[in-house]
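Colleague: Have a look at this fold, sequence not included:
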């Protein structure tokens, strides 16, 4: 009680001022329409600002759901393009009829993406419960990502292009000449294109895409562009450096590619 009394005595001037100021504002608000409107406008402005910030914050937390929806829609568009269509969406029952498709694209989120080791892997949030299995190709809006090597019920592990053991059948987009893409571990954005024979009209800036000869990827998925080409005297093959189109250091969403004829093709190739 003594503390309260000492506080009032010490700050009695400020307390009296606040009381009188409050009374004055109340009287102005009650008697003057102009001032009342100004105060209401100021209050509403503050309220609107708070609601706007809250709405922005809510929208931010909903971005994950929006991105998932967009990825699913883009997966359907990619399936339509693979069928040779004009890109217009067909009814869902036609898109989902597997016997009418060769490839099915399944969107997934990247949980972890390695890119600094000699053998790099990516972990995604789809697994065997989502029909994901080893041997499925993985791509993104940027280009080819890698190949699924193992799956648990809810997650899968992907061997990325940045792995010493991966080999991707590739071709020059402009003339279809075949080659093989490998990563030699030097830079997370650069790979080597092997077995491109001389002479070939290859030039810096040429687009490199998947050949479509394996069961992992459809024909024409983007891999990257020619960064540098060399031909040693007497050599039969170019030494070509490819700048990969996929930014593995900021990869957030991917598509898993299900080849519905994969087993049939593999059985035939194994019997040759």
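Modeller: The structure has been received and is ready for your questions. Quick caveat, the model's predicted, so the values are computed rather than measured.

Colleague: residues near the residue nearest to residue 118 when sequence neighbours are not counted, how many?
Modeller: Among residues not flanking residue 118 along the chain, residue 185 sits closest, at 4.8 Å (Cβ to Cβ, 6 or more residues apart in numbering). C-betas here are computed from N, CA, C, even on glycine. By the measure other Cβ atoms under 10 Å, the count of residues near residue 185 is 14.

Colleague: who's in contact with residue 185?
Modeller: By Cβ atoms under 8 Å, 6 or more residues apart in numbering, residue 185 lies in contact with 118, 162, 164.

Colleague: mind checking the SS state of it?
Modeller: Assigned with DSSP: H, G, I helix; E, B strand; the rest coil, residue 185 falls in the strand class.

Colleague: for residue 129, same thing?
Modeller: Secondary structure for residue 129, judged by three-state DSSP, is helix.

Colleague: for residue 249, same thing?
Modeller: helix.

Colleague: So what's the residue count around the residue nearest to it when sequence neighbours are not counted?
Modeller: Nearest residue to residue 249, sequence neighbours excluded (Cβ to Cβ, 6+ apart): residue 115, at 5.4 Å. Residue 115 sits with 18 neighbouring residues when counted by other Cβ under 10 Å.

Colleague: Against residue 136, how distant is residue 115?
Modeller: Distance of residue 115 to residue 136, given as Cβ to Cβ, to the nearest Å: 21 Å.

Colleague: which of the contacts of residue 185 tops the neighbour count?
Modeller: Within those, most neighbours by other Cβ under 10 Å means residue 162, with 28 neighbours.

Colleague: so what secondary structure elements neighbour the one helix or strand that residue maps to?
Modeller: Assigned by DSSP states H and E, residue 162 belongs to strand 156-163. Counting contacts by 3 or more Cβ pairs under 8 Å, 6 or more residues apart in numbering; DSSP states H and E, strand 156-163 is packed against strand 119-124, strand 144-151, strand 178-187.

Colleague: now for the very next helix or strand once past it, which elements pack on it?
Modeller: Heading C-terminal from strand 156-163, the first helix or strand you meet, by DSSP H and E, is strand 168-172. Of the remaining helices and strands, those touching strand 168-172 by 3+ Cβ pairs under 8 Å, 6+ apart are strand 178-187, strand 207-210.

Colleague: So in that sheet, which strands flank strand 168-172, and in what orientation?
Modeller: Sheet pairing of strand 168-172 (DSSP bridges) gives strand 178-187 (antiparallel), strand 207-210 (antiparallel).

Colleague: What's the mean pLDDT across the host helix or strand of residue 18?
Modeller: For residue 18, the enclosing helix or strand under DSSP H and E is helix 12-31. The pLDDT scores in helix 12-31 average 64.

Colleague: can you list the weak-confidence ranges in the chain?
Modeller: The chain contains residues with pLDDT under 70 at 1-13, 16-17, 20-21, 23-101, 265, 269, 271-272.

Colleague: okay, now the domains of it?
Modeller: The record's domain split for the chain, according to automatic domain parsing, is 2-61, 82-270.

Colleague: buried ones in stretch 202-220?
Modeller: Residues of stretch 202-220 classed as buried: 202, 206-211, 214-218 (neighbour count, 16 or more other Cβ atoms under 10 Å).

Colleague: now do stretch 161-180
Modeller: Within stretch 161-180, the residues scored as buried using 16+ other Cβ under 10 Å are 161-163, 166, 168-173, 177, 179.
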